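**Q** Here is the input, now give the coordinates:
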Amino acid sequence: MSVKQRTLKSEFSLNGKGLHTGKHVTATFKPAEENFGYRIRRMDLEGTPEIPALAEYVKLMDRASCLEKDGVCVFTMEHAMAALYGCGIDNCLIELSGEEFPILDGSAKYYVEEIEKVGLEEQNAERRYFTVKEQMEFCSEDGLTKITLLPDSEYNVNLVVAYDSPYLQMQYATYSDKTTDFAKEIAPCRTFVFLREVEMLLQHNLIKGGDLENAIVIVDREISQEEADRLAKLFNYDSIEIKQGILNNLTLYFDNEPARHKLLDIIGDLALCGRFIKGRVIAERPGHKANTTLAKKMCKAIAQAEREDVRPDIDTSAEPLMDVNKVRALLPHRPPFLLVDKIYEVTDDIVIGCKNVTMNEPFFVGHFPEEPVMPGVLIVEAMAQCGGILVLNQVEDPENYSTYFVKIDGIKFRHKVVPGDTLVFKLVKIAPIRRGIVTMRGYAFVGKTLVCEVGEFMAQVAKTKK
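**A** This next block holds a predicted model:
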């Protein structure tokens, strides 16, 4: 049975300080359209830049998860990502007033509570999955950390943590998307740290927002009253106590709460693959580096599968849907800048067209005389023109409209294009047209070879001034 995508019914906000920066921040979670995924918008920066919550943007840092794109960073997003994933949300825009998500109580509890208050809205598009087809794994250089991803019909995680500590020697935890109550069994589990690590983290200018209310501090040695008093001063407490190896009198929700929190981190980090997962994770002493490295491998596998799925299966010698004269009727471009020869298919969401590359192209005169290669910028321009056909074909009077591209992002050139090649383009609409703005993803093939792809074309459809 197919599962539909979901988003929030309405927005909500949470306020608090960041764990590492200590700065007060507001995170606002908003509904988003189908196939939007998770995206984070920095409201405190000029132009309010967005970062897709995808593993390809992960930058590994000490004790912190970080997304970085074009110099813009976002920290400590794993608890929020886990809450969205665990609550079954496919699409969400998150507006952040600073560089770091609020740590709150060190868990995903408050995110989940707000999601449950506003509720979910089912969308029309089917949920997108990453179905594991072959074993994938990450193993640290010292061999102590290992994460293995195996094929499975559901999403399951089996985890073990083991530390050199009398209070946390070995713990197990499991998660199943069919039987585990994420909101009750995983979301409330708080982050933890060993006392021996606290001062080191402070010396490295981290956990400025850490206190005894947003982390379980595990004490695995005897401490004197003098040291207890010093720690109380460090955390701005009148006094502190140690109870069953835990600093600050916290009562654990579960005997294996640290292991369950590691489950929370894995769910949040692997959500950065951008899909719901059908597979089994076996994790031994996992951490953010291991989790996000595996998520990057998953992203690459997803991208490869998408490229195979989008490859057009057409006969370029067959009669096209539109010849060059019909193309000219829709596009304002004219030779030598008209770079689409034929259109083979047009629907509300997809267009497939082609460009026959000959030695007579004017750009080959200088690019390059001894080794003619089609400029990459013109391959992208040809794709954009093909995308214009997709947009204008849905307008009643296309002769009165033009398509102006306002953003082109995620361009990858994979193979050179030379005289004699036939470029086949496929443009896919990835979001509904809103306020005259359309967003597409583009691919260019020569035969079965992907030569160029564009992660995002954003264009504005506007009436032509006469």
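
**Q** How about the secondary structure of the closest residue to Lys289 other than its chain neighbours?
**A** The shortest distance from Lys289 to any non-neighbouring residue, by C-beta to C-beta, 6 or more residues apart in numbering, is to Leu60 (5.4 Å). C-betas here are computed from N, CA, C, even on glycine. Taking DSSP: H, G, I helix; E, B strand; the rest coil as the rule, one finds Leu60 in the strand state.

**Q** before we move on, what about Glu306?
**A** Relying on three-state DSSP, one would call Glu306 helix.

**Q** tell me the contacts of the residue nearest to Lys289?
**A** The contact partners of Leu60, by C-beta atoms under 8 Å, 6 or more residues apart in numbering, come to 66, 288-289, 292.

**Q** Same question for Asp348.
**A** Neighbours of Asp348 in contact, by C-beta under 8 Å, 6+ apart: 394, 429.

**Q** and the gap between it and Thr292?
**A** 36 Å (C-beta to C-beta, to the nearest Å).

**Q** Please apply the same query to Asn400.
**A** In terms of C-beta to C-beta, Asn400 sits 49 Å off from Thr292.

**Q** Settle it for me: which of these two has more neighbours?
**A** Thr292 (24 against 12; other C-beta atoms under 10 Å).

**Q** For Val380, see how far away the more buried one is.
**A** Distance, Thr292 to Val380, using C-beta to C-beta: 30 Å.

**Q** next one: Ile267
**A** Ile267 is 37 Å from Val380, by C-beta to C-beta.

**Q** just checking, Val351 touches Gln394?
**A** No - between Val351 and Gln394 there is no contact under C-beta atoms under 8 Å: 10.4 Å.

**Q** who has more neighbours, those two?
**A** Val351 (27 against 14).

**Q** Helix, strand, or coil at Ala83?
**A** Under three-state DSSP, Ala83 falls in the helix class.

**Q** which residues touch it?
**A** 108, 111-112, 115, 187, 268.

**Q** Name the nearest of those relative to Thr28.
**A** Tyr111 (12.0 Å; C-beta to C-beta).

**Q** how much space between the nearest residue to the closest one once chain neighbours are set aside and Glu114?
**A** Distances taken as C-beta to C-beta, 6+ apart put Ala83 closest to Tyr111, at 3.5 Å, once the chain neighbours are dropped. Counting by C-beta to C-beta, the separation of Ala83 from Glu114 is 9 Å.

**Q** for Phe194, same thing?
**A** Distance, Phe194 to Glu114, by C-beta to C-beta: 31 Å.

**Q** How about Ala80?
**A** 11 Å.

**Q** So between these two, which is more surrounded?
**A** Set side by side, Ala80 and Glu114 show more neighbours around Ala80, with 25 against 17, by other C-beta under 10 Å.

**Q** Remind me which helix or strand the more buried one belongs to.
**A** helix 78-86 (DSSP states H and E).

**Q** could you point out which element follows that helix?
**A** strand 92-96.

**Q** name the helices or strands packed onto that following strand?
**A** Applying 3 or more C-beta pairs under 8 Å, 6 or more residues apart in numbering; DSSP states H and E, we find strand 92-96 packed against strand 24-31, strand 38-42.

**Q** Distance to Val72 for those strands - can I get that in JSON lines?
**A** Shown next, in JSON lines, are these (distance: least, C-beta to C-beta, whole Å):
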{"stretch": "strand 24-31", "distance to Val72": "15"}
{"stretch": "strand 38-42", "distance to Val72": "6"}
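
**Q** Is Leu104 in a helix, a strand, or coil?
**A** coil.

**Q** Arg260 now?
**A** helix.

**Q** How about the contacts made by it?
**A** So Arg260 contacts 173, 185-186, 189, 254 (C-beta under 8 Å, 6+ apart).

**Q** Please list all residues in contact with the residue nearest to it when sequence neighbours are not counted.
**A** Nearest non-adjacent residue to Arg260, counting by C-beta to C-beta, 6+ apart: Cys189, 4.0 Å away. Residues in contact with Cys189 (C-beta under 8 Å, 6+ apart) are 107, 253-254, 257-258, 260-261, 263-264.

**Q** now the helices: where do they sit in the protein?
**A** Secondary structure of the chain by DSSP state H: the helices cover 78-86, 109-118, 182-185, 195-203, 225-234, 257-270, 288-310, 324-330, 376-392.

**Q** Is it possible to get a markdown table of those helices that adds mean pLDDT?
**A** Putting the helices of the chain into a markdown table (pLDDT from 0 to 100) gives the following:
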| stretch | mean pLDDT |
| --- | --- |
| helix 78-86 | 97 |
| helix 109-118 | 98 |
| helix 182-185 | 98 |
| helix 195-203 | 66 |
| helix 225-234 | 74 |
| helix 257-270 | 96 |
| helix 288-310 | 89 |
| helix 324-330 | 93 |
| helix 376-392 | 95 |
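
**Q** Can you say which of those is nearest to Gly436?
**A** Here helix 376-392 is closest among those (C-beta to C-beta), at 9.6 Å.

**Q** Nothing else from me, thank you.
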